[in-house]
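> okay, predicted coordinates and the sequence, questions at the end:
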Amino acid sequence: MMHTIYTGKRVRLRPFASADEFVTLDDKFMAVPSTYWGPNWRPRAERAAEFDATGLIDAMQYSAFAVERLDTGELIGLEEFGGVSPGRLYTWLGTFILDSHQRQGFGIEAKQLMLCYLFENLPLETVHAVTTSSHTRARAGLEASGMSLIGRKHRVLLVAGKRYDEVCYQISRAEWEQLPIRQVVKRGA
């Protein structure tokens, strides 16, 4: 049975309730260009239509889940992953936590919950994530979630006129099976 709600000790990963919930949260991320990635703006109607097509949960294309704080019930971020096509045994994940909720461990737990969703529901052998070499907090969060650095692409990102390296992290199914989160996560509603 495929579960779409995963609850840890501090956050819950769940489907977005509506296009409006998704777009309203996404607007908060788009309001201020990322120091590490630069501006990332798309029209509201385009993002709402993307939600309406699949509810943002479709293993064959881009998908995203809401990250909700358990103590306050606030929607504080999103966890996303890329589509998995037949014969492809890997995907990527990405984590976005609102600035006011960062540095509190929510992103690490959200990543680990997403890994549970991905490895338990899809025929994957590895999951990877990329970030900029200068984003030390993201790098530390990827490592704390169980991922390992596997490579670097030199000077491939251009942000605010500066070139940056992109670093890639990865976790295998066997490595994920050793993570303690698997024993404490609650699956389902």
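Great, that's in hand. Numbering: from 1, shown residues only.

> can you map out the strands along the chain?
Taking DSSP state E as the criterion, the chain carries its strands at 6-7, 11-14, 63-69, 75-81, 90-97, 126-132, 148-159, 162-172, 186-187.

> weakest of those by average pLDDT?
Summarising mean pLDDT across the strands of the chain, the least confident stretch is strand 148-159, with a mean of 90.

> show me what it is packed up against.
Of the remaining helices and strands, those touching strand 148-159 by 3 or more CB pairs under 8 Å, 6 or more residues apart in numbering; DSSP states H and E are strand 126-132, strand 162-172. Placement of C-beta: from N, CA and C, glycine included.

> which one of the ones you listed is the most hemmed in?
Mean neighbour count (mean count of other CB atoms under 10 Å) peaks for strand 126-132 among the helices and strands packed on strand 148-159, with a mean of 21.

> correct me, but Gly146 touches Ala174?
No - here Gly146 lies out of contact with Ala174, judged by CB atoms under 8 Å, at a distance of 11.3 Å.

> okay, the two: which has more neighbours?
Higher neighbour count among Gly146 and Ala174: Gly146, with 20 against 9, using other CB atoms under 10 Å.

> the more buried one: what's it in contact with?
112, 115, 171, 175-176, 179 (CB atoms under 8 Å, 6 or more residues apart in numbering).

> for the residues you listed, work out which two are farthest apart.
Gln112 and Glu175 (11.9 Å; CB to CB).

> okay, which residue of the chain is out on the far edge from center?
The outermost residue of the chain, judged by C-alpha distance from the chain's mean C-alpha position using CA atoms, centre = their mean, is Gly161 at 26.4 Å.

> state the distance from that one to Ala31.
21 Å (CB to CB, to the nearest Å).

> wouldn't Val130 be in contact with Trp92 here?
Yes - between Val130 and Trp92 a contact is recorded at 7.1 Å, counting by CB under 8 Å.

> ok so, going back, quick one: the helices and strands packed on strand 148-159 as CSV, columns for distance to Arg10 too.
Putting the helices and strands packed on strand 148-159 into CSV (distance: least, CB to CB, whole Å) gives the following:
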stretch, distance to Arg10
strand 126-132, 20
strand 162-172, 20
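
> please identify which of these is closest to Glu21.
Shortest distance between Glu21 and the helices and strands packed on strand 148-159, using CB to CB, is found for strand 126-132: 24.3 Å.

> which helices and strands does that closest one pack with?
Using 3+ CB pairs under 8 Å, 6+ apart as the contact criterion, the neighbours of strand 126-132 among helices and strands are strand 90-97, helix 106-121, helix 136-144, strand 148-159, strand 162-172.

> would you indicate which residues of the fourth one are buried?
By that I understand strand 148-159. Of the residues in strand 148-159, those scored as buried under the neighbour-count criterion (16 or more other CB atoms under 10 Å) are 157, 159.

> tell me the angle of it relative to helix 136-144?
160 degrees (axes from the mean of the first three to the mean of the last three CA atoms, to 10 degrees).
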